[in-house]
Structure formats: structure tokens, C-alpha cells
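> predicted coordinates and the sequence they were generated for:
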Amino acid sequence: MTQQTYLSRKRTLDEAYNELKQLDPNTAFSKYYIRRLAVSGTVPTIMCGRKRLIDLDALIEYLNEPHDVELTASNTAAEPLPDRRVTGIRRVV
């Protein structure tokens, strides 16, 4: 009886993004989003020298599962800045 060893597919950011593009040419996921998932630890990665290798199978699995998005200050619409138009001549102090 032989036991097969499964080696998960590890890819750099560019390679993982290109694989996603091959699976779905019209994907809306960006390299920046994949990088954020990797750096935050949401998707497992390993460091190989200075390279961060992303577990491609775990990334695809994560992207296929529905997730509830919690509204935080970072993903809500920004409030408009107050109107700071200057009328007349300003005095420089």
C-alpha cells in the first residue's frame, strides 16, 4: 500500500494572480486584494527568503466561500471634506 503525499500549490503574488486570471479572465480581484489577504493571514502563506508564497488552493477556496462583510471605517464611504474656500484676502500671521 503506497501513501501519496499531497503538496499544496504555493505561488508568488504575481503567479497566484495570473492563475486566477486563467480560471476567470473577467475576475474583479486585484493583486492588491490578494496581497492584503496574504499579509493579514487570512490566506496561509510561507516566507521563502524575501518572497511570500501564497497557498493557491487555500486562496481559491477562500474566494469561493461567501463572507459577511463587516462595515468598518476602512471600507465605508469617506465623509466629504468641509468647504474651505477662502473669500477675500487672507492675512498671513
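That came in fine, so what should we check first? Numbering: from 1, shown residues only.
> where do the helices sit along this protein?
13-23, 31-40, 56-64 (DSSP state H).
> pLDDT wise, what is the residue most central in space within the chain at?
By CA atoms, centre = their mean, the chain has its centre lying nearest to Y33, at 1.9 Å. pLDDT recorded at Y33 is 94.
> need the contact list for it.
When the contact criterion is CB atoms under 8 Å, 6 or more residues apart in numbering, Y33 has no partners at all. Yep, even glycine has a C-beta here, placed from its N, CA and C like the rest.
> ok, it to T42 distance?
Relative to T42, Y33 is positioned 10 Å away (CB to CB, to the nearest Å).
> equivalent analysis for A58, please.
Using CB to CB, we find A58 at a distance of 9 Å from T42.
> buried set for stretch 30-46?
For stretch 30-46, the neighbour count (16 or more other CB atoms under 10 Å) marks 34, 37-38, 43-45 as buried.
> need these in CSV with distance to E65, can you?
Output for these, formatted as CSV (distance: CB to CB, whole Å):
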residue, distance to E65
I34, 15
L37, 12
A38, 17
V43, 12
P44, 15
T45, 18
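> ok, these vs L7, which is closest?
The shortest approach to L7 among the buried residues of stretch 30-46 belongs to P44, at 13.7 Å (CB to CB).
> list the contacts for the closest one?
Per CB under 8 Å, 6+ apart, neighbours of P44: 54-55, 58.
> ok, S8 next?
Applying CB under 8 Å, 6+ apart, we find S8 in contact with 55-58.
> try it again with 6 Å
Shown in contact with S8 (CB atoms under 6 Å, 6 or more residues apart in numbering): 55, 57.
> distance of it from R50?
For S8, the distance to R50 (CB to CB) stands at 21 Å.
> just H67 next, same as before
In terms of CB to CB, H67 sits 30 Å off from R50.
> so what pLDDT did the nearest residue to L23 once chain neighbours are set aside get?
The shortest distance from L23 to any non-neighbouring residue, by CB to CB, 6 or more residues apart in numbering, is to I60 (7.5 Å). With respect to pLDDT, I60 scores 93.
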